[in-house]
Each structure stands twice: as C-alpha cells, then as structure tokens.
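**Student:** here is the input, now give the coordinates:
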Amino acid sequence: MNRERYPYAPYYCEENVWHLCQHSDFLRYDRKVALISNDRRSCALWNQRSAPAPEQPILWDYHVILLFKQESWHIYDLDTLLETPTAVSQYVRHTFKEEPVAEPFRPMFRIIDADEFVSVFSSDRSHMLTADGKWLAPPPPWPAIVHNNQSNLIELTNMRGASFGTVMDLTRFETLFVGEE
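**Tutor:** Numbers count the residues shown, from 1 in each chain. I've put the predicted structure just below:
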C-alpha cells in the first residue's frame with residue numbers, strides 16, 4: 001500500500017479519500033470515512049505534510065481520512081508524515097497528541113460508510129476559491145466530483161448539522177476503532 005500508487009492532490013483530502021475508497025487495494029476491507037472538523041472549523045493535527053514542522057500542528061478547517069479494517073482498524077491518510085497505513089491508536093497518539101488541546105481546537109469526527117461517502121460526496125471546489133476567483137491551492141488534475149449540480153462538502157464537515165453518518169468526539173472515536181485493535 002505505497003502512497004505513491006494513489007491519486008493525490010495537496011489540500012484536497014476529501015477527493016483523495018473519495019478515490020481511495022474505490023481503489024482495489026481497499027475494496028476487500030470494511031471501510032469508513034472520517035471527516036474531521038469542529039464548530040470553529042479549526043482542528044489541530046500534528047505530523048501533517050503541510051505543517052511548518054512535524055512537532056508543530058497545522059490547523060485544518062477540516063480533514064478527511066480513510067479507515068479500513070484488516071484484522072484491526074487502520075488509517076490511510078495521504079497527508080500524514082506517519083507510516084501508512086497506520087494503526088488507529090498510533091495515528092490518534094501522534095496526530096492529536098496526548099497533551100490537552102484547547103476546546104476550540106479539539107476534533108469531532110463524522111463517520112460515514114465508504115460506499116455511502118462515494119455515492120453522496122459532492123464538491124464543486126468553490127470552497128477553494130478566493131473572493132476574486134483565484135485558487136487557494138491548485139485543483140487536482142481530475143474533474144471535480146459533483147452529483148446533482150450541488151456541493152455538500154460544507155454540510156458533511158458541519159459537525160452540528162444533520163447529514164450522513166454519525167458524529168462523535170475523539171474519546172468515542174478511540175473507543176470505537178481502537179477497542180478492536
């Protein structure tokens with residue numbers, strides 16, 4: 001599962017994971033997608049490629065990862081500096097750190113079955129445009145993933161809104177996915 005085998009565009013984790021969900025390397029496993037965000041749309045994650053340094057967090061407005069179950073649950077995050085795939089316990093320990101994070105920066109997780117994510121996810125990429133129409137980051141080389149001419153990425157990353165999947169905090173996430181390691 002060499003990360004170089006998979007489609008990747010920096011700053012488009014949701015589209016990267018949409019492609020991972022459908023890759024033959026993962027189809028034989030139970031798969032879930034975790035959308036990570038919070039009310040402030042500012043989650044602290046460590047060991048991310050875009051961070052100033054591995055020991056410093058990056059504040060993502062949202063982040064999206066793939067969970068898949070071999071004998072236990074693992075995470076595939078194309079933006080992590082950690083080895084991939086990563087056991088959930090290791091990912092949580094090194095990505096969210098054990099030290100207390102101020103409440104506004106604590107992550108919430110929306111867990112969606114991977115096949116459901118593939119069928120419902122839709123993004124016109126408008127969230128990546130500035131007010132004057134310039135890209136915040138270059139778009140991926142593949143076409144935008146749009147269903148029914150509507151984008152639902154902001155809805156999916158709203159942890160208070162009613163949408164697909166189940167929303168949980170880090171403790172429940174760990175209990176659910178680390179408990180089976």
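**Student:** please count neighbours and contacts with C-alpha atoms only from this point.
**Tutor:** OK.
**Student:** what is the residue nearest the centre of the chain paired to in the beta sheet?
**Tutor:** Most central residue of the chain, judged by C-alpha distance to the mean C-alpha position with C-alpha atoms, centre = their mean, is Val64 at 1.0 Å. Listed by DSSP bridges, the beta-bridge partners for Val64 are Leu35.
**Student:** and if you look at the one 5 residues further on?
**Tutor:** The bridge-partner assignment for Lys69, based on DSSP bridges, gives Asp30, Trp73.
**Student:** near it, how many other residues are there?
**Tutor:** By the criterion of other C-alpha atoms under 10 Å, Lys69 has 18 neighbours.
**Student:** how close does it sit to Cys21?
**Tutor:** Applying C-alpha to C-alpha, to the nearest Å, the value for Lys69 to Cys21 is 13 Å.
**Student:** which parts of the protein are helices?
**Tutor:** Listed from the start of the chain, the chain has helices (DSSP state H) covering 13-22, 88-95, 114-120, 153-157, 170-178.
**Student:** what sits in contact with each of Lys69 and Cys21?
**Tutor:** Here Lys69 and Cys21 have Arg31 as joint contacts, going by C-alpha atoms under 8 Å, 6 or more residues apart in numbering.
**Student:** do I have it right that Ala34 meets Tyr62?
**Tutor:** No. Using C-alpha atoms under 8 Å as the test, Ala34 is too far from Tyr62 to be in contact (10.3 Å).
**Student:** tell me the pLDDT at Glu99?
**Tutor:** Glu99 is assigned a predicted lDDT (pLDDT) of 66.
**Student:** Glu116 too?
**Tutor:** The predicted local confidence for Glu116 comes out at a pLDDT of 97.
**Student:** low pLDDT regions in the protein?
**Tutor:** 98-100, 180-181 (pLDDT under 70).
**Student:** run the last query once more with 80
**Tutor:** Counting by pLDDT under 80, the chain shows low-confidence ranges at 1, 54, 97-105, 179-181.
**Student:** contact partners of stretch 130-138?
**Tutor:** Pro10, Tyr11, Met128, Leu129.
**Student:** chain neighbours aside, what residue packs nearest to the last one?
**Tutor:** Think Leu129. Spatial nearest neighbour of Leu129, excluding adjacent residues (C-alpha to C-alpha, 6 or more residues apart in numbering): Trp135 at 4.7 Å.
**Student:** in the chain, which spans are strands?
**Tutor:** Defined through DSSP state E, the strands belonging to the chain, from first to last, are 30-37, 43-45, 58-60, 63-69, 73-76, 86-87, 108-113, 166-169.
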